[in-house]
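Participant: here is a sequence together with a model predicted from it:
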Amino acid sequence: MSKYRKDFPCYEHYPNLAYLDSAASSQKVACVLEAMTKTYTERYANVHRGIYHLSDIATGDFEAARVTVGKYFNANPDQIIFVRGATEAINLVATSFTQEFLQEGDEVIISRMEHHANIVPWYRLCHEKKAKLVVIECDAKGVLDMDAYRNAFNPKTKMVALTHISNVLGTINPAKEMIAIAKSHQVPILIDGAQAAAHIPVDISDLDPDFYTASAHKMYGPTGVGFLYVKKEHLKGMSPYQSGGNMIASVSFDDITYLEGPMRFEAGTPHIAGSIGFARACEYMMDVGMSYIQSHEQALLMYLQEQIETVDGLEVFGQAPNKIGIVSFAMKGVHPHDIASILDEDEVAVRAGHHCAMPLVKSMNQPALTRISLGLNNNERDIDQCIKSLKKVREIFSA
Ligand code: PMP
């Protein structure tokens, strides 16, 4: 039994829910909701503008949130930009950074296992610039081909964008090695940490990427907020992404100067309460401790992998030796949407579809997959409930 399950108020409303879709978005912990309510009720005003008491408090809380997020990821808060989420962060890098230097014939490296958020912005940019998208494949187990990655570099390689953890396979990629290789070729690298941030320790100072991003909503925090870490040497030279208030130093009709640092990329009123909620989620996970989170989820993953073998006719995709609690599978003769609908009748919430990773799912010759994903809130009972329901599906379709 997860001793932290009680921290998730959703179970007060759905006591029998087996929520196994944290990879899409995690359920929220009470302290995050309380922090956000407190912001809106007791400590709210717009930030960075007012001279009055409440605005001072809100600005202080907002900037303290940046410090906390920096602490969670062991990164300098002056290099943490609050964004809408990983998707916005990647678009920001593609637009404000890579677009500035990418030329016809240049190459951008991504991998087969990327989420659409880390494919589409690069595809569009390459299309616009007549540059080439170079895709690193993974093997049948879902392990990235590191030799192919090493060999993919040439003088035309100008950018690398790779996921830390696959949202379909659960594979933990060797981020430190991937970054070191890109660095040895002097090619900037972005790491998409959307699936990593709540499940493994992420030490940005140790990894030393050029860019790193994650979304709060997969970290027991609110939707609509995430962060982009930017290496100092890039932060200064990057042009604004969106423009308007909050990001300027001075404006006239003849000349505009922009702020330096993260605020240059935070045009308009930010998600104030969301950022504070995000920081609270980081604090919550630091209190629980990443070693507990990892051992809890790894124990559940082993149990799930054992139990899923007892269901007939399943093919599991993603058998990397180093992976988080994500298990994607196909059931012979049954569409994943039917599986998910039947599981829903038994209060089991799983995801079915292409998981925003169509190139990966198609490469497995599957129209779609069913995915079970685990988090701090889960326990063995959730898995038993899911397996029982999967056996029911098998029976219905075998009849
Ligand atoms: N990358 C990965 C690996 C993801 O799993 C997701 C979300 N499923 C994203 C990027 C995009 O995150 P968001 O929708 O929060 O912007």
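Facilitator: It's in.

Participant: report the secondary structure state of the residue lying closest to Val334 once chain neighbours are set aside.
Facilitator: Among residues not flanking Val334 along the chain, Phe397 sits closest, at 4.9 Å (C-beta to C-beta, 6 or more residues apart in numbering). Heads up, the C-betas are built off the backbone N, CA and C, glycines and all. Assigned by DSSP: H, G, I helix; E, B strand; the rest coil, the conformation of Phe397 is helix.

Participant: wait, Ile90 sits on Ala117?
Facilitator: Yes - here Ile90 reaches Ala117: they are 5.6 Å apart, a contact under C-beta atoms under 8 Å.

Participant: what touches both of these two?
Facilitator: Common contacts of Ile90 and Ala117 (C-beta atoms under 8 Å, 6 or more residues apart in numbering): Asp192.

Participant: and the residue nearest to Val334, how many neighbours?
Facilitator: When neighbours are counted by other C-beta atoms under 10 Å, Phe397 registers 16.

Participant: my guess is it meets Ile339, correct?
Facilitator: No - contact criterion C-beta under 8 Å: Phe397 and Ile339 do not qualify, at 9.2 Å.

Participant: what touches both of these two?
Facilitator: Common neighbours of Phe397 and Ile339 (criterion: C-beta under 8 Å, 6+ apart): Met331.

Participant: stretch 8-23 - what's its average pLDDT?
Facilitator: The predicted model assigns stretch 8-23 a mean pLDDT of 98.

Participant: how close does the residue of the stretch 201-350 of the chain found nearest the ligand sit to Ala198?
Facilitator: Residue of the stretch 201-350 of the chain nearest the ligand, by C-beta to the nearest ligand atom: Ser215 (3.2 Å). In this structure, Ser215 and Ala198 are 10 Å apart, going by C-beta to C-beta, to the nearest Å.

Participant: next: Gln298.
Facilitator: 14 Å.

Participant: if we can go back for a sec, compare neighbour counts for Ile90 and Ala117 and give me the winner.
Facilitator: Shown here are Ile90 and Ala117; by other C-beta under 10 Å, Ile90 has more neighbours (26 against 23).

Participant: what residues does the stretch 101-250 of the chain have near the ligand?
Facilitator: 115, 117-118, 163, 167, 192, 194-195, 215, 217 (C-beta under 6 Å from any ligand atom).

Participant: state the pLDDT value of Val47.
Facilitator: On the pLDDT scale, Val47 is placed at 96.

Participant: how deep is it tucked in, by neighbour count?
Facilitator: Neighbour tally, Val47, other C-beta under 10 Å: 21.

Participant: close to the ligand, is stretch 280-290?
Facilitator: No - Stretch 280-290 lies out of reach of the ligand by C-beta under 6 Å from any ligand atom, never closer than 13.6 Å.

Participant: end-to-end on stretch 259-266?
Facilitator: Length of stretch 259-266, first residue to last, C-alpha to C-alpha, to the nearest Å: 10 Å.

Participant: and that stretch, what's buried?
Facilitator: 259, 261-266 (16 or more other C-beta atoms under 10 Å).

Participant: now narrow those residues to whatever sits close to the ligand.
Facilitator: Among those, the ligand is touched by none when using C-beta under 6 Å from any ligand atom.

Participant: now that Ala23 has come up, it's in contact with Asn378, right?
Facilitator: No - under the criterion of C-beta under 8 Å, Ala23 makes no contact with Asn378, lying 11.8 Å away.

Participant: more neighbours: Gln298 and Ala198, which one.
Facilitator: Higher neighbour count among Gln298 and Ala198: Ala198, with 28 against 15, using other C-beta under 10 Å.

Participant: residues contacting the more buried one?
Facilitator: 22, 26, 218-220, 285, 293, 375-376.

Participant: are any of the residues you listed buried, and which?
Facilitator: Neighbour-count burial (16+ other C-beta under 10 Å) applied to the contacts of Ala198 gives 22, 26, 218-220, 285, 293, 375-376.

Participant: what's stretch 266-276 in contact with?
Facilitator: Stretch 266-276 has contacts (C-beta under 8 Å, 6+ apart) with 35-36, 39-40, 44, 46-47, 58, 61-62, 65-66, 69, 81-82, 84, 216, 221-225, 240-247.

Participant: rerun that using 6 Å as the cut-off
Facilitator: 35-36, 39-40, 46-47, 61-62, 65, 82, 222, 224-225, 242-244, 246-247 (C-beta atoms under 6 Å, 6 or more residues apart in numbering).

Participant: would you format the buried residues of stretch 259-266 as JSON lines with pLDDT included?
Facilitator: Converted to JSON lines, the buried residues of stretch 259-266 look like this (pLDDT from 0 to 100):
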{"residue": "Leu259", "pLDDT": "94"}
{"residue": "Gly261", "pLDDT": "94"}
{"residue": "Pro262", "pLDDT": "95"}
{"residue": "Met263", "pLDDT": "95"}
{"residue": "Arg264", "pLDDT": "96"}
{"residue": "Phe265", "pLDDT": "97"}
{"residue": "Glu266", "pLDDT": "97"}
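
Participant: returning to that earlier point: pretty sure the residue nearest to Val334 is touching Met331, no?
Facilitator: No - counting by C-beta atoms under 6 Å, Phe397 sits too far from Met331 to count as a contact (7.6 Å).

Participant: burial measure for His288, as a count.
Facilitator: You called it His, but residue 288 is Val. Val288: 17 neighbours (other C-beta under 10 Å).

Participant: got the contact list for it?
Facilitator: So Val288 contacts nothing (C-beta under 6 Å, 6+ apart).

Participant: can you rerun that using 10 Å?
Facilitator: 3-4, 7, 29, 220, 296, 376 (C-beta atoms under 10 Å, 6 or more residues apart in numbering).

Participant: same check on Lys231?
Facilitator: By C-beta under 10 Å, 6+ apart, the contact set of Lys231 is 75-76, 79, 188-189, 204, 208-212.
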